[in-house]
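Enquirer: Starting from these lines, generate the structure:
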Amino acid sequence: MSVTTTVTHGGYLNMSILSHINYREFLNDNYFSFLLLGGLLVIMLAYRNIHPPATKNYIAMIIVLFIMNIAGSFESWARNDPSMLDVRVTSSVIHYIMQPLTLYLEVLLIIPGSEYMKKANNLVLAIPFFANTIIYLIAPFTGTLVFCYDENYYFNRGPLGYSIFITTFIYLALLLIWSFLYMHQDRRRSILLFFIGGIAILTGILEYLNIAPGHTDESFAVGIFIYYVYLMTVHVSDMETKLVKNELELTQNKVRILREQIQPHFLFNSLYLIKALIRKDQGRAIQAVEDFSDYLHANLDAISSDNMISFEDELTHIDAYVSLALADKSKNMIIEYDIKEKDFFLPPLSVEPIVENAIRHGLKTGDTVKLSSYSDDENFIITVKDNGHGFDPGTTYQAKKRTGIGVKNVEARLATICNGTMSIVSSNSGTSVTIRLPKKNTAKISPTANIVQGGDCIYEHSDN
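Expert: So this is what the prediction gives:
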């Protein structure tokens, strides 16, 4: 009759485990896993500035696998020492709890859906893991129900001990089912998941049949490494595609700026005005020519350069346009300035089109445009207010006319170049446009520097 040694708990772990630690054996048993996990960490560190996908999940997986490696080594060291039974039991419990956790974290990476659905899915998907965790946590107090060691200290699995295989099978089945269902959307990803799932299934079968036990950690490490490299490849490819798309949009925006800002009717009107002034007032005519030259120069510079400019340069451009627009004395409009902040950068043609839009569409004789700049803790703020006739910022013809290509172009470039925002509020008493520029992206730097670096972007700048 065989004698079964059931596992009981009561007391602290036997500290003699320290005398059993064999670092050479530990490194030899886990060398391959450590190579893969170390390589994964190197990749994550090398690409940390581009925010690799699912970084937190992979850090958690690395920690879990490291714990599994340590637990497996402790179980091995305590295997032939009856006095180390508590250590062996504790190590086995930890290992069998951690093993399905890696698959659970892997499944979380591929579940599609909204953020709300993801949270709901996470809770449902966690049920097998928590069930297995509870079973193995009570293992030391259930005799042979979960697992025990016989008189020769061989491991014997009880009926509840198979929860580890059931849990693993559930997560692997989810991976394979999802891969099959979504294969038409991403064939490469599905094939990769089939391969990773196949490795895990083969390892589980060999472990169950006791043909090649002890390779679970390595198979998980291989799967995690392969899938992370795939995600990084996709992430970098998406970033390159997005960069090309942004560059194309910026090129298209330049054409739109040129078309919107240098309008033939304004040029013709300015030239006719200069012609009339030459006959009446040569001094004003000379000033009008200078303003006209400054206006054209600023517009053409904006088209040919990707650099941000100082707010002072933008104000100079605005002054040139206003002076030219009001050179006709029949237009008795008032332009007010309230400049409390000017030491910052912004994309060219960010404010001038707003002022130009207000003068061209919103004002009549005697109306006022007020340009202000100030700051709060996080942003530089620019406002352009007029007391002309407002408009409904909906879909009316008047709204489209007041917020044409030029204004919408400003909003798009602010968001793309410096993460800035623009808002428009209009009523019967006038229109107010507010531009917010994050200080971290637009704060002025020393004259000798040639780079303005923001939290999300890097911008070249020239002081010439």
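Enquirer: CA atoms for contacts and neighbours, from now on please.
Expert: Fine.
Enquirer: Can you report how many residues neighbour Tyr153?
Expert: 15 (other Cα atoms under 10 Å).
Enquirer: how does the protein divide into domains?
Expert: Domains of the chain are assigned by automatic domain parsing as 4-240, 262-460.
Enquirer: Confidence-wise, which of these is weakest overall?
Expert: Among the domains of the chain, domain 4-240 has the lowest mean pLDDT, at a mean of 73.
Enquirer: hang on, Gly143 in a helix?
Expert: No: using DSSP: H, G, I helix; E, B strand; the rest coil, the assignment for Gly143 is coil, not a helix.
Enquirer: Excluding chain neighbours, what is closest to Ser76?
Expert: Leaving aside its chain neighbours, Ser76 sits nearest to Arg88 (7.7 Å; criterion: Cα to Cα, 6 or more residues apart in numbering).
Enquirer: Please, which helix or strand holds the one you found?
Expert: Per DSSP states H and E, Arg88 falls inside helix 85-110.
Enquirer: ditto for Ala415
Expert: Going by DSSP H and E, Ala415 is in helix 405-418.
Enquirer: So for that helix, what gets flagged as buried?
Expert: By 16 or more other Cα atoms under 10 Å, the buried positions in helix 405-418 come out as 405-407, 409-414, 416-418.
Enquirer: Out of those, which two are the most distant from each other?
Expert: Ile405 and Cys418 (19.6 Å; Cα to Cα).
Enquirer: Please list all residues in contact with Leu202.
Expert: With contact set as Cα atoms under 8 Å, 6 or more residues apart in numbering, Leu202 has no partners.
Enquirer: Give the helix, strand or coil label for it.
Expert: Quick answer, by three-state DSSP: Leu202 is helix.
Enquirer: what's the spacing between it and Glu218?
Expert: 12 Å (Cα to Cα, to the nearest Å).
Enquirer: all helices of this structure, in order?
Expert: 23-46, 55-77, 85-110, 115-137, 163-181, 187-208, 216-261, 264-280, 282-304, 311-325, 352-357, 397-402, 405-418, 439-442 (DSSP state H).
Enquirer: right, so of the ones you listed, which gets closest to Lys340?
Expert: Closest approach to Lys340 among the helices of the chain (Cα to Cα): helix 311-325, 11.6 Å.
Enquirer: Next, the buried residues of that closest one.
Expert: In terms of neighbour count (16+ other Cα under 10 Å), helix 311-325 has its buried residues at 311, 314-325.
Enquirer: quick one: contacts of it?
Expert: Identification of contacts with helix 311-325 by Cα under 8 Å, 6+ apart yields 270, 288, 291-292, 294-295, 298, 342-346, 348-352, 355-356.
Enquirer: Try it again at 6 Å.
Expert: By Cα atoms under 6 Å, 6 or more residues apart in numbering, the residues outside helix 311-325 that reach it are 288, 291, 295, 342, 344-345, 352.
Enquirer: How about stretch 425-441?
Expert: In contact with stretch 425-441 (Cα under 6 Å, 6+ apart) are residues 378-391, 418, 420-424, 454.
Enquirer: Inside strands: which ones of those residues?
Expert: 379-386, 421-424 (DSSP state E).
Enquirer: Going through those, which ones are buried?
Expert: Using 16+ other Cα under 10 Å, the buried ones in the ones in strands among the contacts of stretch 425-441 are 379-386, 421-422.
Enquirer: Most widely separated two among these?
Expert: Among those, Asn379 and Asp386 lie farthest apart (Cα to Cα), at 22.5 Å.
Enquirer: buried set for stretch 144-154?
Expert: Those would be 144-150, for stretch 144-154 by 16+ other Cα under 10 Å.
Enquirer: Compute the distance between the closest residue to Pro128 other than its chain neighbours and Val433, please.
Expert: Nearest non-adjacent residue to Pro128, counting by Cα to Cα, 6+ apart: Thr167, 5.6 Å away. Look at Thr167 and Val433: by Cα to Cα, they are 58 Å apart.
Enquirer: next one: Phe311
Expert: Distance from Phe311 to Val433, by Cα to Cα: 17 Å.
Enquirer: Over to Ile417?
Expert: 19 Å.
Enquirer: picking up where we left off before, for the buried residues of helix 405-418, could you give me TSV that also reports distance to Leu277?
Expert: Below are the buried residues of helix 405-418 laid out as TSV (distance: Cα to Cα, whole Å):
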residue	distance to Leu277
Ile405	32
Gly406	29
Val407	31
Asn409	34
Val410	33
Glu411	37
Ala412	38
Arg413	37
Leu414	38
Thr416	42
Ile417	40
Cys418	41
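Enquirer: closest to Arg279 among those?
Expert: Gly406 (34.2 Å).
Enquirer: Tell me which of Thr167 and Val433 has more neighbours.
Expert: Legend: neighbour count by other Cα under 10 Å for Thr167 and Val433, higher for Thr167 (22 against 19).
Enquirer: can you tell me how far the spatially closest residue to Gln99 that is not a sequence neighbour sits from Ser219?
Expert: Excluding its sequence neighbours, the residue lying closest to Gln99 (Cα to Cα, 6+ apart) is Met68, at 7.2 Å. Relative to Ser219, Met68 is positioned 12 Å away (Cα to Cα).
Enquirer: do Tyr321 as well
Expert: 69 Å.
Enquirer: okay, the angle between the helix holding Arg88 and helix 115-137?
Expert: Interaxial angle of helix 85-110 relative to helix 115-137 (axes from the mean of the first three to the mean of the last three Cα atoms, to 10 degrees): 160 degrees.
Enquirer: So which other helices or strands are in contact with helix 85-110?
Expert: helix 55-77 (3 or more Cα pairs under 6 Å, 6 or more residues apart in numbering; DSSP states H and E).
Enquirer: Would you mark the buried spots in the helix it packs on?
Expert: Result for helix 55-77 [16+ other Cα under 10 Å]: buried residues 58, 61-62, 64-77.
Enquirer: Now that helix - C-alpha only, CSV.
Expert: Presented in CSV, the C-alpha positions along helix 55-77 are these (Å, rounded to 0.1, in the frame of the first residue of the first chain):
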residue,chain,number,x,y,z
THR,A,55,4.1,48.5,-23.2
LYS,A,56,2.5,48.1,-19.8
ASN,A,57,1.1,44.7,-20.7
TYR,A,58,4.5,43.5,-21.9
ILE,A,59,6.3,44.8,-18.8
ALA,A,60,3.7,42.8,-16.7
MET,A,61,4.3,39.7,-18.8
ILE,A,62,8.1,40.0,-18.3
ILE,A,63,7.6,40.3,-14.5
VAL,A,64,5.2,37.3,-14.5
LEU,A,65,7.6,35.2,-16.5
PHE,A,66,10.5,36.1,-14.3
ILE,A,67,8.4,35.1,-11.2
MET,A,68,7.6,31.8,-12.9
ASN,A,69,11.3,31.2,-13.6
ILE,A,70,12.2,31.8,-10.0
ALA,A,71,9.3,29.7,-8.7
GLY,A,72,10.3,26.9,-11.0
SER,A,73,13.9,27.0,-9.8
PHE,A,74,12.9,27.0,-6.2
GLU,A,75,10.7,24.0,-6.8
SER,A,76,13.6,22.2,-8.5
TRP,A,77,16.0,23.0,-5.6
